[in-house]
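Participant: below are the sequence and a predicted model; questions follow.
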Amino acid sequence: MARFLKDPLVHFVLLGAAIFGLFAVLEDDPGADERRIVIPEAEIDGLWGAMSMLYGRAPTEDDIEQLIEPRIREEVLYREALALGLDRDDSQVRQRLVEKMTFLSEDLIPAEPPSDAEIAAFFETNREAFVEPTRVDFEQLYFSPSAHGDGIMAAAEAALEALADGANPDALGDSSTVPRVRAAASAEELSADLGEEYAAGVIALPADQAWHGPIRSFFGVHLVRVTARTEARTPALEEIRERVVSALNAERRRNANEQSYRELRGRYDIIIELPEAVREAWQSE
């Protein structure tokens, strides 16, 4: 226990927790006099206890002051900035306040977990979202434009003929950071790596162990041999229940947040002043 209390990380965590409680009180008193900054007795008592335990002695006045003075300075400067209106017309401050208000509403998901019936209904309504895409395992040979120039397609086609005649794949193609072997790759992953044309070409190949191509990508030309293929399918609910519940809770959260926003919006009179030219253009349409 003594060794534990001597650990600097423990000091940091415990003191941090105590100071956080103090600063939270400083920030969360909107009804207080704007010229008063109150440090509650309970918070000083908490700091006193934490420091006494960690250092084996009672903290001095200087010890406590060193802990709280930086935050008092921050509070003073913050209030003075508000008094000068420095928060107005500042896009960064505005965005930060919007973010904080958004965070406040993000835990509006209903506390009770969804029922089995709700989960099943959500799954049936959104089956397409849970489709597992076609995936392929394959080998490839890469041909570089810098090595072959305008003759790149001819070089790839010649290599394809050589492979059909039994040539060793290791002796063909160009070195590259493009992986020689891929496993369980989907069209989306391949498209992100090397482009849609490449992804479509590879996914369309049969798993017949034969070399096919040439297939173009962002970086060059490829010959591809698909060694295994798993067709797209929709798993049973029991297989992906956790995914479905997570998606359902995310939707419930979005709906709750949107409802909260609409209620807040309803408190305001929204006036959109249209320029006459815009009004006339819309009316003419």
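Facilitator: Perfect, thanks for sending it. Residues are numbered from 1 along each chain as shown.

Participant: now the nearest residue to A164 once chain neighbours are set aside: how far from T230?
Facilitator: Using CB to CB, 6 or more residues apart in numbering and skipping the chain neighbours, the partner closest in space to A164 is W211 (7.2 Å). Yep, even glycine has a C-beta here, placed from its N, CA and C like the rest. Using CB to CB, to the nearest Å, one obtains 21 Å as the distance from W211 to T230.

Participant: those two: who's more crowded?
Facilitator: It is W211, of W211 and T230, that has more neighbours when counted by other CB atoms under 10 Å, with 22 against 14.

Participant: phi, psi of the more buried one?
Facilitator: Backbone dihedrals for W211, given as degrees, to the nearest 10, come out at phi -80, psi 140.

Participant: mind checking pLDDT for it?
Facilitator: With respect to pLDDT, W211 scores 97.

Participant: ok, now how distant is it from S175?
Facilitator: Computed with CB to CB, the distance linking W211 and S175 is 19 Å.

Participant: same deal with G46?
Facilitator: Noted for G46: a distance of 64 Å to S175, by CB to CB.

Participant: tell me which of those two has more neighbours.
Facilitator: More neighbours sit around G46 than around the other of G46 and S175, counting by other CB under 10 Å; the figures are 16 against 9.

Participant: pLDDT score assigned to the more buried one?
Facilitator: Confidence at G46, expressed as pLDDT, is 83.

Participant: and the host helix or strand of it, what does it pack against?
Facilitator: Take DSSP states H and E as the rule and G46 turns out to sit in helix 41-55. The elements that helix 41-55 packs onto, with contact taken as 3 or more CB pairs under 8 Å, 6 or more residues apart in numbering; DSSP states H and E, are helix 8-27, helix 61-83.

Participant: ok, of these, where does mean pLDDT dip lowest?
Facilitator: Of all the helices and strands packed on helix 41-55, helix 8-27 has the smallest average pLDDT, which comes to a mean of 48.

Participant: how about V93, nearest residue that isn't a chain neighbour?
Facilitator: Using CB to CB, 6+ apart and skipping residues adjacent in sequence, the residue nearest V93 is D87, 4.8 Å away.

Participant: I'd like to know how many residues surround the one you found.
Facilitator: For D87, the number of neighbouring residues by other CB under 10 Å comes to 14.

Participant: again, but for N168
Facilitator: Taking other CB under 10 Å as the neighbour definition, N168 ends up with a count of 8.

Participant: state the distance from it to A159.
Facilitator: Spatial separation of N168 from A159 under the definition CB to CB is 11 Å.

Participant: is it true that G213 lies in a helix?
Facilitator: No - applying DSSP: H, G, I helix; E, B strand; the rest coil, one finds G213 to be strand, outside a helix.
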